[in-house]
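Give the three-dimensional model of this entry:
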Amino acid sequence: MLTPENNQTEIMRRESDYKPPRSLSHWFIGRPLSTADAPHQTIGKAIGLAVFASDALSSTAYATQEIMIILAAAGTMAFGYVFPISLAIVILMTIVTISYEQTIHAYPGGGGAYIVARDNLGELPAQTAGAALLTDYILTVAVSVAAGVAQIVSAYPQFFPYRVWISVAAVFLIMLINLRGVKESGVAFSIPTYFFIVALFVTIGTGLIRYASGTLGVVIDPPHLEVKNMLSAITPFLLLHAFSSGTAALTGIEAISNGITAFKEPRSRNAGITLIWMSVILAAFFLSISFLANHIGAIPSESETVISQLGRTVFNGRGIPYLMVISATTVILIMAANTAFADFPRLSALHAGDGFLPRQLTFRGSRLVYSNGILTLAIIASALIIVFQASVTRLIPLYAIGVFLSFTLSQGGMARRWWRVGHLRPGQEIVDPGSTLKYESGWQYKMVINGFGAVCTAIVMVVFAYTKFKEGAWIILILIPFLVAIFFTIHRHYKDIAAHLSLDKFSGLPTRQTRHRVIMPVSGVHQGTLEALRYAKLLSDDVTAVHISLEPSETEKVQKKWKSWGDGTRLIILDSPFRLFAEPLLEYLEEIIKNRQPNETITIVVPQFMPSKRWHNALHMRTADVLRQELLSKHGVVITDVPYHVHHDEVKE
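The predicted structure follows:
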């Protein structure tokens, strides 16, 4: 047993001069970055706004339209409620923003709702919040890209039949850009984000000036209003339904709290300022669009978006200013998926690090990003786009339940945190995994804000689930508990493995085995077989070759060759009348294992020849691979491969 006194292991570390050779992937995502470059891959507030706010800002392109789609059931007169509903949503947005600004400073390590719920509410609420957020990020990609492509279709209707495949192509383009690293993707996305902000500012500003001067007209040739179930009156239920649809404008607000670690120092301060910038811009744009959309008589439609109608009304047609607005909106909607690509991999890595998702998601690729998480997000989001035919209206009902569930758990967790703070003595500190808990004056005020926010978002979540249940929200209500169950199943597996591998109660390795038996399966006698036999005899003098007899004629050839080349090693023939290869050998091994002597080690030496070209493997049966997979499940057996490499230049005529 190793102890500090007798451990003679020498640990060495040195700087490596190795530089990876250029490969095809480097042309797409760039050369690998050293781990030492990680601190230089952080971003400032300006680029942070582009990376983490594009999702929230892009929602202004469809949130107003989603309100109008619901109100349309009561006729165009109901559109007068668009602005009051938008105002109520902005009030809720303000509450959520204040709450997350507090979260950013309380948990500077990032993680958002997941970390807050884990530290303050327990493991089940934490995994529920994580499942809700991961689901939300997947839907963010699908909804944002589908909405962006809808803008293209509005300007160029001939592309409508190809909207699904254009959307999928856009997802994989964003995936490639994100695989290049946080800093490079941030710089790439900052241009379209600020282009959108400027374009929308000019459009809204021009529209408000024309409204004030009385020169703002109405939409010329608006789309036809399509309503399936017309209502005779405006009901409270209809208004609640419209409000819940419009809360899509809040999606993305939590993104900055999840990605604090991407910011330059001081991280919390930079992230908090970026969050406030984002919320102010979002609220201003959302209210302005809702106000103008009602006054120009915009009609919600799948064939032409409200933004398109606003643009051509403000700029009197489809000229260059209109095309700039449409192109900017299209790009920001597609680029909004970048927020999910920035946060989904980080959150999934946190889950995986805690043992609730596969460990592969913690892997940081050659560009210091969680590449497995990025690839996973792209594949699942693309599948959703295909299933729902890139329809924003069909995807939206799936969208906001997860968002508001995470909002509720995050704010509820923060409220409990302030309650804990209030029970500390001045100067007392408690170190949590994600932050330090210490007494703060004014904790009552902060607890009230977070508690009120939790109640508001919980009410919105319930309203959304009720009003959107038949439209597809039931899927999320089933999916989130299902994901939580999967998380805990994975966690139990990792805990079980850790318990078996733990050294806490390990008393040391058993005494050295005094006997070593080697079994070597033989399918034929050739140079590879003899190379494996040579190695087997180095391990032990007790070597047994085993041949499975599938065809008597082949068995006879093996026996003759073995007499000449087997070097006196015993050969056992196992008949297999049903032409099974692995089963007779496994049955033979079971008998040996059952009757083996104490302190006896059994090693299976598997000969395997390796062709000179990979594609040659398709021309061979690869029985060694099949056999190895079967033997790995046997306890008390060691499997050793002995590869024999075949090279053309070694073949002699």
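
Please make it C-alpha for all contacts and neighbour counts, starting now.
Will do.

Now tell me what touches stretch 269-289 from outside.
Residues outside stretch 269-289 that contact it (C-alpha atoms under 8 Å, 6 or more residues apart in numbering): 44-46, 48-49, 53, 56-57, 60, 63-64, 83, 86-87, 90, 93-94, 97, 101, 104-105, 200-201, 204, 249, 253, 256-257, 260, 263-264.

Same check on stretch 84-99?
64, 239, 242-243, 246-247, 250, 253, 275-276, 279, 283, 286-287, 290, 407, 411, 414, 449-450, 453, 456-457.

In contact with residue 458, which residues are there?
404-405, 408.

Looking at the residues you listed, which one is closest to residue 338?
residue 404 (20.5 Å; C-alpha to C-alpha).

Double-check that the closest one belongs to a helix.
Yes. Remark: residue 404 belongs to a helix, assigned using DSSP: H, G, I helix; E, B strand; the rest coil.

Run a quick check on it versus residue 455, I expect a contact.
No. Counting by C-alpha atoms under 8 Å, residue 404 sits too far from residue 455 to count as a contact (10.7 Å).

Which residue of the two possesses the greater neighbour count?
Between residue 404 and residue 455, counted using other C-alpha atoms under 10 Å, the more crowded position is residue 404 (28 against 15).

and that one, what is it in contact with?
With C-alpha under 8 Å, 6+ apart, residue 404 has these contacts: 457-458, 460-461.

how much space between it and residue 245?
12 Å (C-alpha to C-alpha, to the nearest Å).

Then residue 608?
For residue 608 relative to residue 245 (C-alpha to C-alpha), the value is 62 Å.

do residue 426 as well
Taking C-alpha to C-alpha, one finds residue 426 at 45 Å from residue 245.

How about residue 486?
29 Å.

and those two? which has more neighbours close in?
residue 245 (27 against 15).

For the more buried one, list the residues it contacts.
63, 66-67, 70, 396-397, 464.

ok, now with 7 Å
66-67 (C-alpha atoms under 7 Å, 6 or more residues apart in numbering).

Also residue 148?
329-331, 333-334.

ok, how many other residues are close to residue 127?
By other C-alpha under 10 Å, the residues close to residue 127 number 25.

Looking at the nearest residue to it once chain neighbours are set aside now. What's its pLDDT?
Spatial nearest neighbour of residue 127, excluding adjacent residues (C-alpha to C-alpha, 6 or more residues apart in numbering): residue 484 at 6.0 Å. At residue 484, the predicted lDDT confidence score is 95.

And residue 484, which helix or strand is it part of?
Residue 484 is part of helix 474-501, with elements assigned from DSSP states H and E.

Check which helices and strands that helix is in contact with.
helix 123-155 (3 or more C-alpha pairs under 7 Å, 6 or more residues apart in numbering; DSSP states H and E).

hmm, try it at 10 Å
helix 123-155, helix 337-353, helix 400-422, helix 443-467 (3 or more C-alpha pairs under 10 Å, 6 or more residues apart in numbering; DSSP states H and E).

looking at these, which is closest to residue 515?
If we rank those by C-alpha to C-alpha, the stretch that ends up nearest is helix 337-353, at 41.9 Å.

neighbours around residue 175, how many?
Residue 175: 23 neighbours (other C-alpha under 10 Å).

Tally up the residues packed near residue 644, please.
Neighbours of residue 644 (other C-alpha under 10 Å): 17.

which residue sits closest to it, ignoring its sequence neighbours?
residue 609 (4.3 Å).

helix/strand/coil for the one you found?
Applying three-state DSSP: residue 609 is strand.

How about residue 298?
From three-state DSSP, the assignment for residue 298 is coil.

That one and residue 290, how far apart?
Residue 298 is 10 Å from residue 290, where distance means C-alpha to C-alpha.

Give me the common contacts of those two.
Common neighbours of residue 298 and residue 290, using C-alpha atoms under 10 Å, 6 or more residues apart in numbering, are 65, 68, 79, 306.

most neighbours, which of the residues you listed?
residue 68 (30 neighbours).

is it true that that residue touches residue 244?
No. Between residue 68 and residue 244 no contact is recorded; they are 11.8 Å apart, counting by C-alpha atoms under 10 Å.

Can you give me the buried ones in stretch 578-598?
581-582, 584-585, 589, 593 (16 or more other C-alpha atoms under 10 Å).

what does stretch 414-425 give?
Buried residues in stretch 414-425 (16+ other C-alpha under 10 Å): 414-419, 421-422.

Reformat the helices and strands packed on helix 474-501 as CSV; add distance to residue 269 and mean pLDDT.
Below are these laid out as CSV (distance: least, C-alpha to C-alpha, whole Å; pLDDT from 0 to 100):
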stretch, distance to residue 269, mean pLDDT
helix 123-155, 24, 86
helix 337-353, 19, 85
helix 400-422, 18, 88
helix 443-467, 18, 87
